[in-house]
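> What follows is a predicted structure for the sequence shown.
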Amino acid sequence: MKKILLGMILLSLAVFAPVPTMAGVDIHIGISLPPPILFPAPPAVIALPDTDDVYVVPDIDVDIFFWDGWWWRYWEGRWYRSRYYDRRWVYYSRVPRFYFDIDPGWRGYYRDRHWHGHRWNYELIPHERFDRNWKSWHDTRHWERQRTWGVQNYRPRPQRQREELRRQRQLQYRQRPEVRLHQQQIQRQQRQPQVQKPRGQQQLRPQSRQPQKQQRQPQVSQPQRQPQQQRRPQVQQPQRKQQPEQQRSQPRGRQQQGGKPEGGDTDQRNRGTGEERRR
């Protein structure tokens with residue numbers, strides 16, 4: 001029996017040991033992850049009024065929302081998301097867009113079953129049913145058009161009023177102390193690499209690049225100029241010598257060709273002397 005008990009203890013440690021490591025510190029980002037939440041069963045959710053298909057787990061103290069195929073969790077001024085409601089949380093660097101549509105007093109309205117003076121007959125949706133139907137509900141806008149989120153005689157707020165509420169909630173969100181601390185941490189992490197990198201680069205650049213430029217300048221300039229000065233007289237001189245030779249040779253040929261008429265004059269003279277002899 002003792003061996004069996006020891007084996008069960010070792011197995012339990014092997015199963016539950018990775019949980020705190022996953023919920024520890026993210027090495028790549030340097031931001032701690034939220035602690036895990038143990039659910040005895042998959043949680044039920046409700047649809048929040050005046051939102052674009054945002055669901056929330058109402059019966060726990062931690063804010064866990066579902067929107068656009070992701071589970072979202074707010075913890076210590078930071079946001080995390082996962083494909084699962086209870087594990088594999090990943091840090092999200094921005095505030096999700098849906099959050100400023102959520103009324104911050106929704107927990108009191110849930111407890112009193114009233115939404116801004118109207119009876120709120122919300123529906124607890126089991127996890128299995130929710131997992132099968134949330135996509136089709138989103139495409140048909142089921143909770144807004146057909147059910148009005150379970151609020152009796154309720155009309156959705158106009159678009160202008162929604163935008164004003166979003167601005168007010170953004171200002172309230174930025175004034176939270178945990179949000180300010182998180183923003184200060186991000187600014188510190190962004191400033192550190194910006195200060196260290198240019199200093200190291202400024203020290204290396206003048207030492208390494210200046211001697212390379214001084215060595216390359218004489219090597220490139222000298223060999224290019226010297227052959228150009230030697231080749232130019234070699235090409236121009238023979239061209240000037242050949243041109244007068246051709247010009248001089250042409251009148252000689254013309255004189256030789258012109259010698260034929262002189263021979264023709266002698267023939268004519270000989271012919272004349274022959275005629276005189278015959279006479």
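Noted; the coordinates are in hand. Numbering: from 1, shown residues only.

> In contact with residue 59, which residues?
Listed by C-beta atoms under 8 Å, 6 or more residues apart in numbering, the contact partners of residue 59 are 43-44. Bear in mind the C-beta positions are built from the backbone N, C-alpha and C, glycine included.

> 6 Å instead, please
By C-beta atoms under 6 Å, 6 or more residues apart in numbering, the contact set of residue 59 is empty.

> All the strands of the stretch 51-200 of the chain, in order from the start?
Taking DSSP state E, counting those that start in this stretch as the criterion, the stretch 51-200 of the chain carries its strands at 55-56, 64-67, 70-75, 78-82, 90-92, 114-115, 118-119.

> how about these in a markdown table, adding mean neighbour count, mean pLDDT and distance to residue 171?
Listed next are the strands of the stretch 51-200 of the chain as a markdown table, based on neighbours: other C-beta atoms under 10 Å; pLDDT from 0 to 100; distance: least, C-beta to C-beta, whole Å:
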| stretch | mean neighbour count | mean pLDDT | distance to residue 171 |
| --- | --- | --- | --- |
| strand 55-56 | 22 | 98 | 23 |
| strand 64-67 | 22 | 98 | 21 |
| strand 70-75 | 19 | 96 | 17 |
| strand 78-82 | 19 | 96 | 18 |
| strand 90-92 | 15 | 95 | 21 |
| strand 114-115 | 19 | 94 | 23 |
| strand 118-119 | 14 | 94 | 27 |
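
> out of the ones you listed, nearest to residue 107?
Residue 107 lies closest to strand 55-56 among those, at 9.2 Å (C-beta to C-beta).

> Now residue 53: closest residue in space, sequence neighbours ignored.
residue 138 (4.8 Å; C-beta to C-beta, 6 or more residues apart in numbering).

> Could you report the distance from that neighbour to residue 81?
From residue 138 across to residue 81, the span is 17 Å (C-beta to C-beta, to the nearest Å).

> just for the stretch 51-200 of the chain, where's the confidence low?
193-200 (pLDDT under 70).

> need the contact list for the residue nearest to residue 121 when sequence neighbours are not counted.
Leaving out its chain neighbours, the residue that sits closest to residue 121 by C-beta to C-beta, 6+ apart is residue 150, at 4.4 Å. Counting by C-beta under 6 Å, 6+ apart, residue 150 makes contact with 120-123.

> What subset of those residues is buried?
Buried members of the contacts of residue 150, counted by 16 or more other C-beta atoms under 10 Å: 120, 122.

> which one of the contacts of residue 150 sits closest to residue 110?
For the contacts of residue 150, the minimum distance to residue 110 (C-beta to C-beta) is 6.9 Å, reached by residue 122.

> ok, the closest one touching residue 46?
Yes: using C-beta atoms under 6 Å, residue 122 makes contact with residue 46 at a distance of 4.8 Å.

> neighbours around residue 176, how many?
11 (other C-beta atoms under 10 Å).

> Before I go, just wanted to say thanks for your time.
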